[in-house]
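Colleague: Quick one, what's the 3D model for this:
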Amino acid sequence: MKHTDTHSSLSQQFWQWLLQYKSYGFSLLSKKKKSLSFQNREWVPGNALRGKKIIQNDITFDHQSFRVQDIFSMIEGTLAPHSEALTYLHSFGFLRDLLAVPENSARKFARQIIENWIIYHQSTFSNHWTSKAWDIEIVAIRLYSLIIFHQELINTSSDQFKDIIENEIDRNFRFLRRHWSFEKENLNLFWCLSSLLIAYSNGYDKYVYHHEILANLHLFRKKINLIILNDGMIYLRDTSLQVYVVQNLIEVRTALLNWVNRLNQKKKSKANQKIVDQLNDLMNYIQKKIDSMTNIIRLMRHGDGSLTHLAIQHTVWKGLNFSPSSDQIDSILSMSLSDSSRPLTRAPYGGLERLTNKKSVVIVNTNMAEDETKKVMPIYTNRDEVEDFEGEKSLEVLNFDWSLGSIRIIENAEIILQMPNGEWIDAIDKSVSLLKIKRHFQENKSVCFFELESSIQQLSFTLQKLLMLDSDKLLFKARETFQLNFNCIIGLKFKLNPLCRLRKLHDNICIEFSEKAAKEGFNLSYPNTLNSSFLQNHRPHHKEPLTWIFRSSGEDQKEFFNDNAHPEIILLKSIAKKKQTSIQWSFEIE
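Modeller: The predicted structure follows:
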């Protein structure tokens with residue numbers, strides 16, 4: 001069969017050079033309608049609530065609300081662009097959310113946005129080819145979305161719209177196939193190859209050489225291995241990205257299976273059999289990665305169904321998926337076909353520790369996997385030795401969040417300190433030289449001990465943190481011991497749930513949750529439960545708001561603030577050079 005585009009190095013350089021000219025669009029025109037077979041019947045639903053808001057003329061990015069008219073203005077370039085909004089629009093990320101709404105009006109609105117986008121970007125004689133809309137990773141996700149949601153989009157649509165969609169799919173496939181190999185970033189290459197494989201599985205394999213398909217199957221496996229750490233954490237440690245990549249792998253796995261079934265129905269040939277064998281091998285590999293990544297999702301999940309905020313890195317892909325909803329996470333876990341056993345207790349490469357005791361879940365950040373080559377590995381004293389990694393640690397460590405049932409009580413607890421020059425910094429925002437972790441369970445108490453040795457601007461810093469969950473008393477307490485080789489003021493900062501309010505009660509702090517939080521009640525099941533009753537809350541035994549008492553000792557000063565987006569408690573302590581000093585604190589139900 002005739003090869004549609006030559007992929008030698010010279011031809012790739014030619015297409016890259018041609019991008020700067022307005023006439024490039026003519027080269028994307030298809031001379032002949034392709035015989036494609038769109039077989040995607042299973043895809044992970046998006047956020048239906050967000051989809052309904054879009055239909056109702058409202059979409060929010062970074063707490064900034066946009067009207068639907070603003071969406072079209074951004075597409076047409078008449079409104080100052082918002083980076084996340086443009087990513088969401090140009091990649092057609094809105095399709096997953098809109099099509100999660102079980103109404104034909106959602107499909108109509110999705111088609112309206114697509115038609116407006118195409119009108120502005122389909123000109124064969126335009127200067128859009130170097131704009132954000134044609135960034136290679138954006139093209140990859142747009143092609144992926146158009147193919148995955150093809151059947152939903154054309155359902156009840158006109159024949160004219162069907163032709164428009166298939167022409168747009170072909171145009172994006174041609175563009176991606178010509179230019180993806182110039183990309184160097186592994187994550188972007190993962191998106192590009194995912195989209196190419198999705199296209200192949202829906203009929204484009206008939207229009208490319210077999211050796212190109214085999215090479216891309218091999219390269220896709222290689223890129224998966226590069227972006228996913230050994231324990232299943234995405235190397236950028238972004239919680240939304242973790243969910244998005246698993247979602248992608250689930251849909252690619254389904255597409256590859258459809259592809260295998262289609263090839264098996266054809267007349268046997270050595271070339272096709274070689275592809276089938278490699279597809280089967282790749283599907284098995286993908287399933288193993290899905291298993292490990294969903295285990296990490298379960299580890300990161302709190303009793304309210306959402307994920308920990310500790311690992312969020314705000315990557316360039318933030319506009320694609322926002323924060324995944326509990327329903328989305330449930331769907332992904334159920335479609336993963338992975339074992340639904342209890343969550344892992346630690347991710348040594350991803351750097352998370354999970355401490356549980358019945359209703360309580362504490363997730364601790366134990367290191368940062370900065371990139372593929374720099375990792376800091378904790379030393380676990382109650383398990384076999386793990387491979388040691390050396391490298392710099394650039395973000396927080398030993399900060400944590402805590403939930404009880406379906407209520408997130410602590411959003412983030414971290415350490416700050418005042419340097420000799422008077423500057424306040426995050427004590428944990430520096431390089432880590434050594435981190436030891438030990439944990440045990442006894443007498444209904446889950447205990448985890450951390451010992452951290454760090455350097456801060458060439459000054460040494462040692463922290464010992466002991467966390468304990470007591471299931472009998474609904475008690476969460478800790479002892480934090482510091483030793484530094486310089487004089488400073490240390491601070492423990494607790495950022496609490498925005499639904500609570502703080503007040504002084506004798507020498508302690510009373511934490512009262514609003515009526516809304518109290519009515520939400522407690523979900524006492526483990527957060528990996530996949531049945532539909534997972535998020536059905538149990539009512540509290542008492543009608544009054546849930547009340548906690550925060551007690552502490554060893555600090556010089558205790559402050560609390562209600563006027564921030566998140567109420568905060570801060571404990572301050574002056575620490576003398578080389579003197580070991582401890583602060584103890586606890587949260588206990590009243």
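Colleague: C-alpha from now on. contacts and neighbour counts both.
Modeller: Fine.
Colleague: How much space separates the residue nearest to the spatial centre of the chain from residue 507?
Modeller: Centroid check for the chain by C-alpha atoms, centre = their mean gives residue 240 as the closest residue, at 1.7 Å. Remark: distance between residue 240 and residue 507 (C-alpha to C-alpha, to the nearest Å) = 40 Å.
Colleague: cool, residue 111 as well?
Modeller: 61 Å.
Colleague: more neighbours, the two?
Modeller: residue 111 (18 against 11; other C-alpha atoms under 10 Å).
Colleague: How about the more buried one, nearest residue that isn't a chain neighbour?
Modeller: Once flanking residues are discounted, residue 111 sits nearest to residue 153: 6.8 Å by C-alpha to C-alpha, 6 or more residues apart in numbering.
Colleague: Point me to the helix or strand that includes that neighbour.
Modeller: Assessed by DSSP states H and E, residue 153 sits inside helix 150-154.
Colleague: Could you do residue 190 as well?
Modeller: helix 186-201.
Colleague: Would you mark the buried spots in whatever helix or strand comes next after the helix holding residue 153?
Modeller: Sequence order places helix 159-179 as the next helix or strand after helix 150-154, per DSSP H and E. Within helix 159-179, the residues that qualify as buried are 162, 165-179, counting by 16 or more other C-alpha atoms under 10 Å.
Colleague: packing partners for helix 159-179?
Modeller: On a contact count with 3 or more C-alpha pairs under 8 Å, 6 or more residues apart in numbering; DSSP states H and E, helix 159-179 meets helix 9-18, helix 136-148, helix 150-154, helix 186-201.
Colleague: so that helix versus helix 136-148, what angle?
Modeller: In terms of direction (axes from the mean of the first three to the mean of the last three C-alpha atoms, to 10 degrees), helix 159-179 departs from helix 136-148 by 140 degrees.
Colleague: wait, which of the helices and strands packed on helix 159-179 is closest to residue 310?
Modeller: helix 186-201 (21.1 Å; C-alpha to C-alpha).
Colleague: What is the closest one packed up against?
Modeller: With contacts taken as 3+ C-alpha pairs under 8 Å, 6+ apart, helix 186-201 sits against helix 136-148, helix 159-179, helix 210-227, helix 239-264.
Colleague: Point out the most buried one among those.
Modeller: helix 136-148 (a mean of 25; mean count of other C-alpha atoms under 10 Å).
Colleague: how close does residue 411 sit to residue 399?
Modeller: Residue 411 is 10 Å from residue 399, where distance means C-alpha to C-alpha.
Colleague: now do residue 31
Modeller: The value you get for residue 31 to residue 399, if C-alpha to C-alpha is used, is 58 Å.
Colleague: Neighbour count for these two, which is higher?
Modeller: Set residue 31 next to residue 399 and count neighbours by other C-alpha under 10 Å: residue 399 wins out with 18 against 8.
Colleague: ok, now which ones touch the spatially closest residue to residue 114 that is not a sequence neighbour?
Modeller: Nearest residue to residue 114 in three dimensions, chain neighbours excluded: residue 92, at 8.0 Å (C-alpha to C-alpha, 6+ apart). Residue 92 makes contact with 114, 141, 142, 145, 146 under the criterion C-alpha atoms under 8 Å, 6 or more residues apart in numbering.
Colleague: mind running it again at 10 Å?
Modeller: 86, 110, 113-114, 117, 138-139, 141-146, 320 (C-alpha atoms under 10 Å, 6 or more residues apart in numbering).
Colleague: do residue 292 as well
Modeller: Applying C-alpha under 10 Å, 6+ apart, the residues near residue 292 are 228, 229, 230, 231, 232, 233, 246, 286, 338, 339, 344.
Colleague: Now which of those would you call buried?
Modeller: Among the contacts of residue 292, those classed as buried by 16+ other C-alpha under 10 Å are 228, 229, 230, 231, 232, 233, 246, 286, 338, 344.
Colleague: and which of these is nearest residue 332?
Modeller: Nearest to residue 332, judged by C-alpha to C-alpha, of the buried ones among the contacts of residue 292 is residue 246 at 7.5 Å.
Colleague: Distance of residue 299 relative to residue 281?
Modeller: Taken as C-alpha to C-alpha, the span from residue 299 to residue 281 is 28 Å.
Colleague: just to revisit the earlier point, which one of the helices and strands packed on helix 159-179 is the most hemmed in?
Modeller: helix 136-148 (a mean of 25).
Colleague: quick check: mean pLDDT across that helix?
Modeller: For helix 136-148, mean pLDDT rounds to 95.
Colleague: So residue 344 belongs to a strand, correct?
Modeller: No: with DSSP: H, G, I helix; E, B strand; the rest coil as the criterion, residue 344 is located in coil rather than a strand.
Colleague: contacting residues for it?
Modeller: 292, 295, 296, 297, 298, 299, 300, 352, 353, 354, 355.
Colleague: of these, closest to residue 275?
Modeller: Comparing the contacts of residue 344 against residue 275 with C-alpha to C-alpha places residue 292 closest, at 25.8 Å.
Colleague: so of the contacts of residue 344, which ones are in strands?
Modeller: Judged by DSSP state E, the subset of the contacts of residue 344 located in strands is 352, 353, 354, 355.
Colleague: For residue 222, state which of those is nearest.
Modeller: Proximity of the ones in strands among the contacts of residue 344 to residue 222 was ranked by C-alpha to C-alpha; the top entry is residue 352 with 25.0 Å.
Colleague: Now rank the contacts of residue 344 by neighbours and give me the top one.
Modeller: Within the contacts of residue 344, most neighbours by other C-alpha under 10 Å means residue 300, with 29 neighbours.
Colleague: Residue 481 contacts residue 555, doesn't it?
Modeller: No: in this structure, residue 481 is not within contact of residue 555 by C-alpha atoms under 10 Å, at 11.5 Å.
Colleague: Compare the two and say which is more crowded by neighbours.
Modeller: Neighbour tally, residue 481 and residue 555, criterion other C-alpha under 10 Å: the higher count belongs to residue 555, 19 against 16.
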